[in-house]
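J.: model this:
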Amino acid sequence: MWEYVSLAVLSAFLFGVGNLLQKKGLTQLPVLKIRDFLKNFIHVIANLIKNFYWLTGMIIGVLAWFIYVEALTMGDLIVVKPIINLNLGVIVFLSVLFLKEKLKKYETPLIFLIILGVLLLSYDSRTTGSTIFNSEFLIGLIILLTVLMVILNIANSRREYTISLSAGLAYGIAEVFTKWLSVQSFTLTPFPERILYFFISPIFWCLVLFTILGFILKQTALSQGRACVSIPLINALSIIIPVMVSIVVFGEEIVILFSGEFIIPFSLFRLTGIVIIVLAVTLMHYTRTASCKLDR
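T.: Predicted coordinates:
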């Protein structure tokens, strides 16, 4: 057990270091805006790759992902996943320590509430229920989330928060498309047809689109704001959305396992995590807005 626990701890640490180095690299470049990516995407990416810190951070992030996969192959998700999500605490600590980022008094407890919510959401469970779902309802929900992402992105309030939340929404929607793609593709046999389906399916290209959009928004959020705030917000939204959609749309019944038996019909851990994250994000945004009004 200690082997995959050690790998999970190492992966969490490397994820935190990778995000820290990306932020360090972005501080050495002009502040990024979304229109910079839209006007000259290749030029912006080229500048990012040329930056030693940013590129090193990306490489470390990829390495952390492979270590995470290896830990999952060796151990249980119930142990590995919460440890991996401790990278949020790592990035907060390292950002404050090395990048000299400062958290306001009201932000510190709210950030750690968000981290707690993410840990609760990552608690292992087993899902039962039908994979038959209403695709029209799912499309409508995705459109609604996309509109919310656009509204957040064009909001005139604190950009650090709104861009981070919109990045989390983009990654969350990408995870929803991943789930949708897996449901559709696994109905096809044999395996080669399943691979071909990926490239001819509009679901796959929507997945690619929202992943790229999430990447752009994340880099913009890190460029304009603090990593110790942006990363927890992005991760929280990217996790909470697929969890909620899996329950509401895909008809999954979440249950907690103990000693191999179903003992609770609905995961109170995940429900508590959702409530904590929503409450913390709402309070963070409201408190920041009130603070801005007082400053004026």
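J.: What are the phi and psi values at Val31?
T.: Note on Val31: its backbone torsions stand at phi -60, psi 130 [degrees, to the nearest 10].
J.: Model confidence at the nearest residue to it once chain neighbours are set aside, what's the number?
T.: Leaving aside its sequence neighbours, Val31 sits nearest to Ser223 (C-beta to C-beta, 6 or more residues apart in numbering; 5.3 Å). All C-beta spots, glycine's among them, are computed from the backbone N, C-alpha and C. Note on Ser223: pLDDT of 92.
J.: what's the average pLDDT for stretch 65-82?
T.: For stretch 65-82, mean pLDDT rounds to 79.
J.: so the residue nearest to Val31 touches Leu29, yeah?
T.: Yes - in this structure, Ser223 is within contact of Leu29 by C-beta atoms under 8 Å, at 7.3 Å.
J.: who's more crowded, the two?
T.: Neighbours were counted for Ser223 and for Leu29 using other C-beta atoms under 10 Å; Ser223 has more, 21 against 16.
J.: Next one: the more buried one relative to Gly89, how far apart?
T.: In this view, Ser223 and Gly89 are 23 Å apart by C-beta to C-beta, to the nearest Å.
J.: got it, and Gln22?
T.: Applying C-beta to C-beta, the value for Gln22 to Gly89 is 17 Å.
J.: Equivalent analysis for Glu136, please.
T.: 40 Å.
J.: Which one's more surrounded, the two?
T.: More crowded of Glu136 and Gly89, by other C-beta under 10 Å: Gly89, with 19 against 8.
J.: Now the more buried one: which helix or strand?
T.: If you go by DSSP states H and E, Gly89 is part of helix 87-98.
J.: and after that helix, which helix or strand comes next?
T.: helix 107-121.
J.: what comes up buried for that next one?
T.: 107, 110-121 (16 or more other C-beta atoms under 10 Å).
J.: which of these lies closest to Val62?
T.: The nearest member of those to Val62, counting by C-beta to C-beta, is Val118 at 21.3 Å.
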